[in-house]
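A.B. asks: got a predicted structure plus its sequence, pasted below:
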Amino acid sequence: MHTQAEDFRQRRQRLARLYKKPVLIRSGRPAHRNPPQTYPFRASSHFLYFAGWNHPNLAVLLEEGRATLFYDRPSLEEAVWDGPGPDLDELRERYGFDSIRPGAEIPDLEVLDAQAPEDLLEAVVQLRLRHDAAARSQLEQAVDMTVRAHFQAMRATRPERREFQILAALLVSVTQEGGSTSFSPIVTRRGEILHNPHYQGTLQRGDLLLVDFGAENREGWAGDLTRTFPVRTNFTPRQAEIYEVVLKAQKAALRECRPGREYREVHRAACLAMTEGLVQLELLRGHPAELVERGAHALFFPHGSGHLLGLDGHDMEDLGDRAGYAPGRRRSSQFGLNFLRLDRPLEADMAVTVEPGFYWIPELLENQERLAPFRDCLDLKTVEAYREVRGIRLEDDILIEASGARNLSAALPKELQEIEIVVNS
């Protein structure tokens, strides 16, 4: 019978075929809040991928497909506070370790991190880019947890509630399933602040609440979804107009998701559809394709359309652009396009997000220097009329398959009328 341990063994063996030298991977050390207290620990994603055990101060040596774990049993004093530790035979059976040795015997080898040899990093990227069957199953579980949490957030949203109360509903949902968060959540009525880290706002009827939240399951795999919805009411006319523009942009991008298609084309499809919508609403003037070429759309949509998804919400970004960008490619210098996190051909078994958005960002739309190149194609009076929208983003998690793509988060509503039904139920 196929076991979890066999999944880890197969990953190690695949790495050994791509990289012939020994590899040492550390799980990491806990960060201390003060001498006796640590923040919640989460092992390195590379360690979880090849070794699985989410525990601090470990190392694993991978050599010719075999795995040696270096682990020190708790001292008597440590055992009093933290327990005696796991049974070593159970560790071997669960994770497929070939041997377990004391931490004092860790060899002096280069560690798998962003400074490791390029050929090692390329081998790891190639393995983790395309998810094996076990990883795909874990991703589906994490995304399903994320969907359920978003439903709880929508149902909890009421006027006069605070943003942190909606965050609490999300956290309760994933904690009840044994999970946690895959990144710092965004729960905000100030959707124009792209990565708003604050939760102090008070919700008012007519606000739009932007929720960008992902669950992390017990094995460390990530979901990452965004929905934007009105607070216990329906969208205002202008909110609805922009919402439909963002939704059409996302659907256009999703149609491009298939093996062999460049992710840059996925992004361009979102930008073009977004720009077509903004021209129809008269926020922009001109031919949509030419406006996209100039980067005019980035005044309202300044980020890329998505990123890799796996053991992190932004998978393998600890390695810089090595995973997100195909070899030899570099980020554009054009504003907006320079924030594109993914620029490589899509392949079967890759997981990506698709998340276009519209934002009324004062730092862009009231910045005379930024506006100067686009004054001929902007209708500033009409732009001002849409200030109330603030920010709308829609994000789904997509698994590329041989025949196209599958939306892992399809169960979470995003059609305008469906959203209104859920938040008002």
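C.D. replies: Structure's in. What do you need?
A.B. asks: okay, CA-based contacts and neighbour counts for the rest of this
C.D. replies: OK.
A.B. asks: nearest residue to Arg406 other than its sequence neighbours?
C.D. replies: Leu399 (5.2 Å; Cα to Cα, 6 or more residues apart in numbering).
A.B. asks: check Leu208 too.
C.D. replies: Leu208's closest residue in space is Pro230 (Cα to Cα, 6+ apart), at 4.4 Å.
A.B. asks: equivalent analysis for Leu120, please.
C.D. replies: Tyr19 (6.2 Å).
A.B. asks: and that neighbour, how far from Pro107?
C.D. replies: According to Cα to Cα, to the nearest Å, Tyr19 stands 18 Å off from Pro107.
A.B. asks: ok, these two, which is more surrounded?
C.D. replies: Tyr19 (18 against 11; other Cα atoms under 10 Å).
A.B. asks: for the more buried one, grab phi and psi.
C.D. replies: Main-chain dihedrals, Tyr19, degrees, to the nearest 10: phi -140, psi 120.
A.B. asks: again, but for Leu308
C.D. replies: According to degrees, to the nearest 10, Leu308 has phi -70, psi 150.
A.B. asks: quick one, what contacts it?
C.D. replies: 314-316, 324, 342, 350-353 (Cα atoms under 8 Å, 6 or more residues apart in numbering).
A.B. asks: what number of residues lie near the residue nearest to Phe213 when sequence neighbours are not counted?
C.D. replies: Excluding its sequence neighbours, the residue lying closest to Phe213 (Cα to Cα, 6+ apart) is Pro185, at 4.9 Å. Pro185: 21 surrounding residues under other Cα under 10 Å.
A.B. asks: quick one: residues contacting Pro185.
C.D. replies: 167, 197, 211-214.
A.B. asks: ranges for the strands of the stretch 51-200 of the chain?
C.D. replies: 59-63, 66-70, 99-101, 180-181, 186-188 (DSSP state E, counting those that start in this stretch).
A.B. asks: to Pro117, which of those strands lies closest?
C.D. replies: For Pro117, the closest of the strands of the stretch 51-200 of the chain is strand 59-63, at 15.3 Å, according to Cα to Cα.
A.B. asks: output the below-cut-off pLDDT ranges for this protein.
C.D. replies: 1 (pLDDT under 70).
A.B. asks: quick one on the thing from earlier: now the strands of the stretch 51-200 of the chain as CSV including mean neighbour count?
C.D. replies: Below are the strands of the stretch 51-200 of the chain laid out as CSV (neighbours: other Cα atoms under 10 Å):
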stretch, mean neighbour count
strand 59-63, 22
strand 66-70, 22
strand 99-101, 15
strand 180-181, 22
strand 186-188, 28
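A.B. asks: reformat those as a markdown table; add distance to Pro35.
C.D. replies: Converted to a markdown table, the strands of the stretch 51-200 of the chain look like this (distance: least, Cα to Cα, whole Å):
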| stretch | distance to Pro35 |
| --- | --- |
| strand 59-63 | 23 |
| strand 66-70 | 24 |
| strand 99-101 | 28 |
| strand 180-181 | 25 |
| strand 186-188 | 30 |
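A.B. asks: out of those, which is closest to Gln368?
C.D. replies: Once the strands of the stretch 51-200 of the chain are compared by Cα to Cα, strand 186-188 is nearest, at 27.1 Å.
A.B. asks: what does that closest one rub up against?
C.D. replies: 163-164, 166-167, 195-199, 201, 209-213.
A.B. asks: adjacent strands (with direction) for it?
C.D. replies: As defined by DSSP bridges, the strand partners of strand 186-188 come to strand 208-213 (antiparallel).
A.B. asks: right, and the helix or strand after the strand it pairs with?
C.D. replies: On the C-terminal side of strand 208-213, the nearest following helix or strand under DSSP states H and E is strand 215-216.
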